[in-house]
Every structure is written in structure tokens, then in C-alpha cells.
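> with the sequence up front, the predicted model follows.
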Amino acid sequence: MGSHMARLVVPIDVKKKPSEQKLPLHNRWHPAIPPVAEVRTGELFRVEMVDFSGGGITKEYTAEDIKFQDASIVHYLSGPIRVVDPDGNPALPGDLLVVEICNLGPLPGDEWGFTAIFDRENGGGFLTDHFPRATKAIWYFEGIYAYSPHIPGVRFPGLTHPGIVGTAPSVELLNIWNERESKLQEAGVESFKLCEVLHQRPLANLPTPKGCVLGKIKEGSPEWERIAREAARTIPGRENGGNCDIKNLSRGSKVYLPVFVEGANLSTGDMHFSQGDGEVAFCGAIEMSGFLQLKCEIIRDGMKKYLTPMGPTPLHVNPIFEIGPVEPRFSEWLVFEGISVDESGRQHYLDATVAYKRAVLNAIDYLSRFGYSKEQVYLLLSCCPCEGRISGIVDTPNAVATLAIPIAIFDQDIRPKITNVPTGPRVVRNPGLPQCSYDGNLPTTKNPSATT
């Protein structure tokens, strides 16, 4: 009788550094990064992974590791994994790689995670102009539930998922990425028509040898030097999937990924115990080490059959995601609206980014009335199972975005009432929040009508 256990193809020892793992990790996208393992379609296999920082961010109650985190090393990925069919024929450019998530979770013995706000001088977050200080909350897992001593009075089930699932780009696609992102950087904020209120974050993260890890390719070799100058950072999602941070991509989900190189060269990482839509704090899910149990199939010529290019080449496509059947059930939600008018009262034209920023700020200000600091609420909205929506995008001049928060995650009723606002949270374990000072000189945005 055959074994039904998942074959371990990428093992991880969380007590070791990324460079000490049995199979080398990588933190860039490039077609020349060689695979570290091979799987066949229909085979159940297990991939383990470090957290995105490779253990650089610890469970210590300090935010110093956040403030001085080396942003050039993210994200550490497991793979690449070459995928072949039962006859040994590899996935080919133009195919679709179907990746089914059969199971996932934290690595045994490492059941904790963190949520953080990066320092504004080191990447910041969606609201970096309001919250410039490095800040961290530690979370502990009780089965499917998470709680934090730094955000008391809150407990919720996690919808665990990988932040990153992607295939390797071809040389042509890599050149497209680097050219368009370099143009964005070179043009600067003066070229912006939308979203200019967020221009103080990095415009793009271009290739750099600093912090570059390329799997089996030896650092310092001529090949490494060449590839390190070309390899794309893993920070944004792109045509190959990558860092899409789709919180519903949990057990039973499938990803239909375009294949750009022979074997597909599948990589994954950035495991999240839970995340809110948008991951607004940037380091904003409950980040953790973890594992995936996966199965793959190949749809031959699937890109041509199912994907329509939205751009000048056949490579300008995007993956398709099929959400699985396992999700937390919540029946009551408090929903906050935002419109495309910024904190100064300036009107923007159908700007969904400004609208979502307003929705998040409205939720933060409201929940801070219930005994939380605004930094605590910002972290919570980034990692709890809240639902973000673009609710209106056609009624000029305002886009409308909404943020829905499940009421049941709190130990008190957060709905508006005729009586006075409670002073909670009722369960106070340790209200202190690890934070660092902000030592930069960029101005912060103030809402003149917000509560203090």
C-alpha cells in the first residue's frame, strides 16, 4: 500500500540562520536561480519556510529589530522547485501551473508571530505619514486562535496563508519589470497623477546586490555578481504571482500561475498566520515561519487558453486564484467608509487609495475610543481578519472604500450606543507596546479633527 504522507522537499531548521539551511534559500526573482528540488504533478509534497526576515526579527519585547531591519534581505523564499509531469516532462513557457494548497500552518515548536510598523526611514507603511515610529506586537497561537499581550482584549481565528507563491520570470519578463520600475523611480513624484499623498514611501525597490541571496549560486562569483545586479526584488506582486498577500489563499485554495521558464521554478514564502485586507502596516500580517503541503498540475498551453494579456506583450498576464472552502465565520461587522478626500480636505478624483486610507484612519480613530492607542489599532487592522472593499469607483469625483471589522474579535461591544463609550479593554495583560523613537525629519500628517 502506497504512502499518503507528504514528501518533504524543502526542510527548515528555525534554530539555524538562512545561510545554514540544508537547501539554500533565495530572496530575488531571476530565471538563472537553479532549482533546489523537483516534484511531479499529482504528488503531495511539503515545503517549509522561515519567516520573511529569516529570523532577524525576534520574539523579544523590543522594536529595535524592526527599526534596524535590513530591508534588502526580504523576502527569504523556499525553492525554486522544478515541476515535471509523470513522464518527466517539465512545465514549459506558456503553460499554467496549478498549485493546490492542501494544508499549511506554523512549524511545530515555533508557534508565535509578529506584526510591525517599519520606521518611516526604512520603508514605513500605508500610513507612514501618520505613524513613523518602529513598533512591534508579538502574537502567540492557541490552535487556530491568536492573541497578543501587546494588544489586550482581542482574540481571533487566523486564516493562515502564504504571502508569496510565484514562478520564475523569463529574461524578457525580468527586463520588462526592471525597465518599468526604473522609469517610475527616475520620473519621481512629480509625474504622479493619483495617490500623491503616499509619495513619501519608496517608489520602487530596484535590483541591488546588497543583501542578495541567490540559492545555489555562490556569493562573490562572477555569475553571482551579474545576476545580483539584475534580479528583481520580491516586494511587489507581479505577473508571476509573487507577493500578492491574498489573505483568503488558505487550505483548499488553488493558484493558476503563468509559466515563463522550463520547469516553472516555483517558490514560496512569507507565511502569515492572519492578515487583514491590504496588510496596511506593511510588516503587517502576523508573520511567522511555517509549512505548506502542496500538489501541482500542469495545464499545457494554459496561458493562451485562459489568460488575456493586458499590455504590449503576451507576458503581460496575471495569475488566477481560486479561494478554498475554509474561512472563519463572522456574522456581525462594523464597517467604516472612506472617500477620496484627504486629511487636508483636498478633493481627489476617483482615487481608491486615498479612499481606503480614509477608511482605515476612520476605523483607527473610532477604535482608539475604546482604550487602545492608535498604534495598537493600526497593527490590529493590519493583521486581524478584516475585509477591505472598493465599494464605488464610478460616481465622480469620489471613490468609496470600506473596511469591515468583525465585532466578535473584541472582548467588549464596540458598536455605538446611547450610553457613554466604554473605557475597555476589560482584560488588561500588558498595555505596553514595544516602540522606538522616530529620528528622521520628514513631516507627519495631522488630522485636525481627530481625537488625541
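Everything's here; your move.
> can you pull out the strands in the stretch 101-250 of the chain?
Ranges of strands within the stretch 101-250 of the chain are 112-117, 135-142, 145-147, 155-157, 161-166, 232-233, 237-238, 241-243, based on DSSP state E, counting those that start in this stretch.
> verify the stated contact: Phe370 with Lys417.
No: counting by CB atoms under 8 Å, Lys417 is not a contact partner of Phe370; they are 11.6 Å apart. Any C-beta I mention is one placed from the backbone N, CA and C, and that applies to glycine too.
> which one's more surrounded, these two?
More crowded of Phe370 and Lys417, by other CB atoms under 10 Å: Phe370, with 17 against 9.
> shaky segments in the protein?
Scanning the chain with the threshold set as pLDDT under 70 gives 1-3, 190-201, 422-431, 451-452.
> quick one, helices of it?
Applying DSSP state H to the chain gives helices spanning 64-67, 171-187, 222-230, 302-306, 352-367, 374-383.
> any chance of these in JSON lines, plus distance to Pro152 and mean neighbour count?
Shown next, in JSON lines, are the helices of the chain (distance: least, CB to CB, whole Å; neighbours: other CB atoms under 10 Å):
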{"stretch": "helix 64-67", "distance to Pro152": "20", "mean neighbour count": "20"}
{"stretch": "helix 171-187", "distance to Pro152": "41", "mean neighbour count": "15"}
{"stretch": "helix 222-230", "distance to Pro152": "44", "mean neighbour count": "15"}
{"stretch": "helix 302-306", "distance to Pro152": "47", "mean neighbour count": "16"}
{"stretch": "helix 352-367", "distance to Pro152": "13", "mean neighbour count": "22"}
{"stretch": "helix 374-383", "distance to Pro152": "9", "mean neighbour count": "26"}
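> got CSV for the ones you listed, with distance to Pro108 too?
Listed next are those as CSV, based on distance: least, CB to CB, whole Å:
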stretch, distance to Pro108
helix 64-67, 24
helix 171-187, 37
helix 222-230, 34
helix 302-306, 36
helix 352-367, 34
helix 374-383, 22
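> quick one: closest of the ones you listed to Pro157.
Relative to Pro157, the nearest member of these by CB to CB is helix 374-383, separated by 12.4 Å.
> ok so, going back, now mean neighbour count and distance to Asn398 too, for the strands of the stretch 101-250 of the chain, in CSV please.
Putting these into CSV (neighbours: other CB atoms under 10 Å; distance: least, CB to CB, whole Å) gives the following:
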stretch, mean neighbour count, distance to Asn398
strand 112-117, 27, 28
strand 135-142, 21, 31
strand 145-147, 20, 35
strand 155-157, 20, 31
strand 161-166, 28, 31
strand 232-233, 22, 34
strand 237-238, 19, 27
strand 241-243, 24, 30
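> which one of the ones you listed lies nearest to Ala71?
strand 232-233 (9.4 Å).
> tell me the strands beside the closest one, with direction?
In the sheet, strand 232-233 lines up against strand 28-29 (antiparallel) (DSSP bridges).
> who touches the partner strand?
Outside strand 28-29, the residues within contact range by CB atoms under 8 Å, 6 or more residues apart in numbering are 166, 168-169, 174, 177, 207, 212-214, 227-228, 231-234, 238, 240, 242.
> how far does that strand sit from the chain's center?
On the basis of CA atoms, centre = their mean, to the nearest Å, strand 28-29 is displaced by 16 Å from the centre of the chain it belongs to.
> mind starting the numbering at 383 from now?
That works, and once the first residue is 383, the last one we named lands at strand 410-411.
> can you pull the contacts of the residue nearest to Gly507 when sequence neighbours are not counted?
Leaving aside its chain neighbours, Gly507 sits nearest to Phe664 (3.8 Å; criterion: CB to CB, 6 or more residues apart in numbering). By CB under 8 Å, 6+ apart, the residues touching Phe664 are Ile499, Phe500, Gly505, Gly506, Gly507, Phe508, Thr510.
> was I right about the last one contacting Glu503?
I take that to be Thr510. No: using CB under 8 Å, Thr510 is not in contact with Glu503; the gap is 9.6 Å.
> which one's more surrounded, those two?
Comparing Thr510 with Glu503 by other CB under 10 Å, the one with more neighbours is Thr510, at 25 against 15.
> could you find the closest non-adjacent residue to that one?
Using CB to CB, 6+ apart, the closest residue to Thr510 is Arg502 (4.8 Å).
> check contacts around that neighbour.
Thr510, Asp511, Pro514, Arg515, Gln582, Tyr820, Gly822, Leu824.
> how far away is Pro413 from Met431?
21 Å (CB to CB, to the nearest Å).
> higher neighbour count, the two?
Between Pro413 and Met431, counted using other CB under 10 Å, the more crowded position is Met431 (29 against 20).
> mind listing what that one touches?
392, 394, 458-460, 544, 650-653, 671-674.
> ok, 7 Å please
Ile394, Ser460, Thr650, Gly651, Met653, Ser671, Gly672 (CB atoms under 7 Å, 6 or more residues apart in numbering).
> I'd say Ala832 and Asp747 touch.
Yes: look at Ala832 against Asp747 with CB atoms under 7 Å: they come within range, at 5.2 Å.
> ok so, going back, so which of the helices of the chain is nearest Val418?
Taking the helices of the chain one by one with CB to CB, helix 604-612 is closest: 15.8 Å.
> which residues are in contact with the closest one?
Contacts of helix 604-612 (CB under 7 Å, 6+ apart): His412, Ala414, Leu556, Asn560, Pro589, Pro591, Cys594, Leu596, Ile599, Lys600.
> using CSV, write down the CA coordinates of that helix.
These are the backbone C-alpha positions of helix 604-612, laid out as CSV (Å, rounded to 0.1, in the frame of the first residue of the first chain):
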residue,chain,number,x,y,z
PRO,A,604,31.2,36.3,-11.5
GLU,A,605,27.8,34.7,-12.1
TRP,A,606,26.5,35.9,-8.7
GLU,A,607,27.8,39.5,-9.4
ARG,A,608,26.0,39.6,-12.8
ILE,A,609,22.7,38.1,-11.6
ALA,A,610,22.6,40.2,-8.4
ARG,A,611,22.6,43.4,-10.4
GLU,A,612,19.6,42.1,-12.5
